[in-house]
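Asker: For reference, the sequence and a predicted model appear below.
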Amino acid sequence: MRYSDDLEREQPDEQAKIRDIVDYLRVAHERAIAAGQHAPRDTHAKGQGFVKGTLTVDADLPEELAQSLFAAPGDYPAVLRFATEPGAFVDDRVPAARGLAMKVLGVGGEKMADDRATQDFLFNNCPILPLAEVTTYREIAYLRAEYGHDPQALAEQIAKRDDAHVQTLFERLPNIDLLAHSYYSQSAFRYGDYVCKYALMPYDEDQRALAARTVTDDDSQNALSEWLAEFLSQHEARFDFCVQLMTDPAAMPIEDASVEWDVGKSAWRRVAHLHLPRQDPFTPARRDFSEDVLSFDPWAGRADLRPLGSINRVRKSAYRASSTRRHEANGRAEFEPASSADIPD
C-alpha cells in the first residue's frame, strides 16, 4: 500500500481534544513534580537502563524495504532508554508495560522540524495501544488527571468503561527480563513510499531464554534494572529491527492504534540489526544524562518516517509540552547528541 497524505483522517473536534489532553497530562505531571520535588517524564517515568549500541542496516533489501533510513546498508550509533510506562515510579514486581526509546545518530535526509542528525523510534512491549485514538485518549487522560492521586479510585473509574478489559491490558503483560521482550511501535508510521509499524525482536537464543524467568514478590523492587545490568556485564544483546508493511488499510487501520495488524496479511520483515555490546547500563553519568537531559521525539526525525494517526498527532503536542516542562522544572537544558562521543560512559 503506497503512502499518501489522504490515508489519515482527522477526527471531529480533534484539535480541541488534543488541547484537553495536553491540559490533563499537565495536571498529572505537576502532581508528580510536586510529589518528588523533581520532574520525571509524564510517561515512562522510571528509567530501567541506558545503553549504547549500533544499528546496522541490512544489505540487498528489496525495494519496498529499502526505504528512507533503510535505503542503503550502513552502521549508525544508537542509544536506548529502557523504562516502565506509567508516569509514577512503579515497583518492578508490579506488572506494567515496558518501553524502549531508541535514538539513532548520524541520520541525514529532510527533517520534519530542525536539522538535527538523529532519528527517534519509540517502542512498547505490547503490540497495541489501548488509548486507541484521540477520543479515547482524552477520556483516559481526564480520568488520570482527576483520580491519579488515588490509584484505587482510578481503577474503579476505568472498570466502569465498556473497554475496561483493553484499558487494563498493560497490567496483564508478562513481567519478564527487559531483554526478552519484543518491542513494538504500536502506532503507524510513514516508511518512505509505504506505511508500516516497526518492532525490535530479540535475536540471540540465550537472550530469548530470559523470558523463562518471571519477576516474583521475592525479587527486588528494582529487579529489572538489576537483571539488565547483570546480563550486559557478561553478554552482548541483539535485536532484529523489523517492519510490518500495511497492505490493507481497512484491516490495518492507521487511526486506531488498538487494532493489531494481522501477520497473515503482512509479516514482520527484518531491515536492520541492533547490537548492544557489554556495558554498564546505569552509571551515574548515564543516569543523569538519560533522565534529565535527553528527550525522545519521533516528530523531530525524517519527514519520510513521519508518525501517522491521531495518537501520533496527540504526541506531537504532548511530548514537546512535557519535555519543555521537565527541563524547565529541573533547571537542565535539553541537549541533542550529534555523535556517540556526546553520550557519557
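Answerer: Alright, I've got the coordinates.

Asker: which strands and helices sit next to the strand or helix carrying residue 197?
Answerer: Per DSSP states H and E, residue 197 falls inside strand 194-202. Secondary-structure packing of strand 194-202 (3 or more C-beta pairs under 8 Å, 6 or more residues apart in numbering; DSSP states H and E): strand 118-124, strand 183-184, strand 189-191, strand 237-245. Every residue, glycine included, has its C-beta placed from N, CA and C.

Asker: what residues does whichever helix or strand comes after the last one touch?
Answerer: Read that as strand 237-245. Downstream of strand 237-245, the next assigned helix or strand under DSSP H and E is strand 269-276. In this structure, residues lying in contact with strand 269-276 by C-beta atoms under 8 Å, 6 or more residues apart in numbering are 51-58, 61, 65, 70, 78, 80, 102, 200, 203, 232, 236-245.

Asker: Name every strand pairing with strand 269-276 and say which way it goes.
Answerer: Applying DSSP bridges to the sheet, strand 269-276 is found paired with strand 46-57 (antiparallel), strand 237-245 (antiparallel).

Asker: for the record, mean pLDDT for the strand holding residue 197?
Answerer: Looking at strand 194-202 alone, the average pLDDT works out to 98.

Asker: same question, stretch 260-275
Answerer: The model assigns stretch 260-275 a mean pLDDT of 98.

Asker: what comes up buried for it?
Answerer: For stretch 260-275, a neighbour-count test (16 or more other C-beta atoms under 10 Å) marks 261, 266, 268-274 as buried.

Asker: Greatest separation within these: which pair is it?
Answerer: The span of those, defined through C-beta to C-beta, is set by 261 and 273 at 22.4 Å.

Asker: and the contacts of strand 269-276, which are buried?
Answerer: 51-58, 61, 65, 70, 78, 80, 102, 200, 203, 232, 237-245.

Asker: rewinding a little: want to throw the strands paired with strand 269-276 into JSON lines with distance to residue 119 and mean pLDDT?
Answerer: Below are those laid out as JSON lines (distance: least, C-beta to C-beta, whole Å; pLDDT from 0 to 100):
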{"stretch": "strand 46-57", "distance to residue 119": "10", "mean pLDDT": "97"}
{"stretch": "strand 237-245", "distance to residue 119": "12", "mean pLDDT": "98"}
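
Asker: In CSV: these, plus distance to residue 291.
Answerer: Putting the strands paired with strand 269-276 into CSV (distance: least, C-beta to C-beta, whole Å) gives the following:
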stretch, distance to residue 291
strand 46-57, 5
strand 237-245, 21
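
Asker: Next up, the contacts around residue 79.
Answerer: Taking C-beta under 8 Å, 6+ apart as the criterion, residue 79 is in contact with 50-53, 102-103, 105, 294, 337, 340, 343.

Asker: Now with 10 Å, please.
Answerer: Residues near residue 79 by C-beta atoms under 10 Å, 6 or more residues apart in numbering: 50-53, 101-105, 118, 286, 289-290, 294, 296, 337, 340, 342-343.

Asker: Which of those residues fall in strands?
Answerer: Here DSSP state E is the test, and those give 50-53, 101-105, 118 as lying in strands.

Asker: on that earlier part again, return the strand holding residue 197 as CSV; C-alpha atoms alone will do.
Answerer: Presented in CSV, the C-alpha positions along strand 194-202 are these (Å, rounded to 0.1, in the frame of the first residue of the first chain):
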residue,chain,number,x,y,z
TYR,A,194,4.9,3.0,2.1
VAL,A,195,3.3,2.7,5.6
CYS,A,196,4.5,0.5,8.4
LYS,A,197,4.6,-0.4,12.1
TYR,A,198,8.0,-1.3,13.4
ALA,A,199,9.4,-3.6,16.1
LEU,A,200,12.6,-4.8,17.8
MET,A,201,12.7,-8.6,18.3
PRO,A,202,15.3,-10.5,20.4
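
Asker: could you point out which element follows that strand?
Answerer: Using DSSP H and E, the helix or strand that follows strand 194-202 towards the C-terminus is helix 205-208.

Asker: by contact count, what packs against that next one?
Answerer: Packing partners of helix 205-208 (3 or more C-beta pairs under 10 Å, 6 or more residues apart in numbering; DSSP states H and E): strand 237-245.

Asker: Just want the angle from the strand it packs on to strand 194-202.
Answerer: Computed by axes from the mean of the first three to the mean of the last three C-alpha atoms, to 10 degrees, the angle separating strand 237-245 from strand 194-202 equals 160 degrees.
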